[in-house]
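*Asks:* Model the following, please.
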Amino acid sequence: MSWPDRAGLLPQRRPLTTRLVLFAAGCALTLAFAPFGLWYIVPLGLAPLLLVVLYATPRDAALGAFCFGAGLFLCGTYWLYISIHVFGRAPLLLAIALMVALVLIMAAWYALFGWLVARLVHRDPWRLVLLAPAAWLLIEWLRGWVLSGFPWLSLGYSQVDSPLAGWLPLGGVYGVSLLLVFSSAAAIAVLYPRRRPLAVLLAVLPWLLGALLRPLSYTSPAGDALTATLISPGTHIVALAGMNGSTAMLIISIVALFVIRVIDSR
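*Replies:* Purely as a prediction, here's the structure:
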């Protein structure tokens, strides 16, 4: 019996349960990002998704991955409602519609990931180790620029405080995302007896090498230090002033330029 069978995660057997588990895994994955910073839960959040795309049909894998992406972006972009409705004063229904539209678009990228990987792996965990990271990297890269892009919640951003942070100067956010999925897929391969020692090595190697790379410095200070000033007023300042957003921002911008000019003249 396969591991998804044991866990009850095959969509063919329990489609609703599988999709709810994947939706919950996507929601939980947001805890890896600021302000929570629980970077170590990423492999746990990816595990149900990788198990499903390993064994499900391309169609079921796409639907499951869509639910995963919907959970990730519904929980990870809740601030859009605040930005559009509270700060932007847009109507409630418009704010909800825009937020849901973005969630659906982003979830569609993950559906493409699920379909593509399930189409190619043929229930082979070692194909998963090779293909899942490449497909994930492709999807993150595409959604970062297609139609102006929305790179929010790329996995690499969650690892600034983890051992994998040592890879950030070398591979950037996308490189760390690839290593995360590679390590997680290798951890799935550990569940199978074929080449298990190699799977263990591949699962832990990115973390070990990242920890060794982290103390290294690739830059050094040059020239005199520069002073910068950032002014970010709270909402209550605008509300108490009784003015619309554009007028308030114009006044704030003028004040900010004046303060910067004064500091620069010193």
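*Asks:* Report pLDDT for L44.
*Replies:* We note a pLDDT of 94 for L44 in this prediction.
*Asks:* How many residues are close by it?
*Replies:* 15 (other C-beta atoms under 10 Å). For the C-beta atoms, the positions are set from N, CA and C on the backbone; glycine is no exception.
*Asks:* ok, now which ones touch it?
*Replies:* Listed by C-beta atoms under 8 Å, 6 or more residues apart in numbering, the contact set of L44 reads A28.
*Asks:* Please identify the helix or strand for it.
*Replies:* If you go by DSSP states H and E, L44 is part of helix 42-55.
*Asks:* what comes up buried for that helix?
*Replies:* Residues of helix 42-55 classed as buried: 42-43, 45-55 (neighbour count, 16 or more other C-beta atoms under 10 Å).
*Asks:* what's the answer for stretch 100-110, then?
*Replies:* Residues of stretch 100-110 classed as buried by neighbour count (16+ other C-beta under 10 Å): 102-103, 106-110.
*Asks:* Just name the closest of those residues to W152, please.
*Replies:* Here the nearest of the buried residues of stretch 100-110 to W152, counting by C-beta to C-beta, is M106; it sits at 8.2 Å.
*Asks:* can you tell me how far that closest one sits from I96?
*Replies:* Look at M106 and I96: by C-beta to C-beta, to the nearest Å, they are 16 Å apart.
*Asks:* Over to P58?
*Replies:* 32 Å.
*Asks:* go on, P193?
*Replies:* 49 Å.
*Asks:* Now the host helix or strand of A101: average pLDDT?
*Replies:* When elements are assigned from DSSP H and E, A101 belongs to helix 92-121. The pLDDT scores in helix 92-121 average 93.
*Asks:* Then stretch 54-69?
*Replies:* Mean predicted confidence for stretch 54-69 is 94.
*Asks:* ditto for stretch 124-141
*Replies:* The model assigns stretch 124-141 a mean pLDDT of 96.
*Asks:* hmm, who's touching that stretch?
*Replies:* Here stretch 124-141 has contacts from 50, 53-54, 109-110, 112-113, 116-117, 120-121, 151, 154-155, 174, 177-179, 181-182, 185-186, 188-189, 191-192, 194-195, 199, 202, using C-beta under 8 Å, 6+ apart.
*Asks:* Please check these and keep the buried ones.
*Replies:* Counted by 16+ other C-beta under 10 Å, the contacts of stretch 124-141 give 50, 53-54, 109-110, 112-113, 116-117, 120-121, 154-155, 174, 177-179, 181-182, 185-186, 188-189, 199, 202 as buried.
*Asks:* in this protein, which segments are predicted with low confidence?
*Replies:* 1-13, 231-266 (pLDDT under 70).
*Asks:* tell me the domain boundaries of it?
*Replies:* Domain assignment for the chain, taken from automatic domain parsing, gives 3-213, 235-265.
*Asks:* out of the ones you listed, nearest to G223?
*Replies:* domain 235-265 (16.3 Å).
*Asks:* now the helix or strand where F68 lies and helix 92-121, what's the angle there?
*Replies:* Following DSSP H and E, one finds F68 within helix 58-76. With axes from the mean of the first three to the mean of the last three C-alpha atoms, to 10 degrees as the basis, helix 58-76 and helix 92-121 are set at 140 degrees to each other.
*Asks:* got the contact list for helix 58-76?
*Replies:* Under C-beta under 8 Å, 6+ apart, the answer for helix 58-76 is 11-12, 15, 18-20, 22-27, 29-30, 33, 48-49, 52-53, 56, 102-104, 106-115, 117-119, 152-153.
*Asks:* Mind doing that once more with 6 Å?
*Replies:* 11, 18-19, 22-23, 26-27, 29-30, 49, 52-53, 103, 106-107, 110-111, 113-115, 118-119, 153 (C-beta atoms under 6 Å, 6 or more residues apart in numbering).
*Asks:* Quick check: closest non-adjacent residue to V42.
*Replies:* Spatial nearest neighbour of V42, chain neighbours left out: A32 (5.0 Å); criterion: C-beta to C-beta, 6 or more residues apart in numbering.
*Asks:* Correct me if wrong: that neighbour contacts P43.
*Replies:* No - taking contacts as C-beta atoms under 6 Å, A32 lies outside contact range of P43: 9.9 Å.
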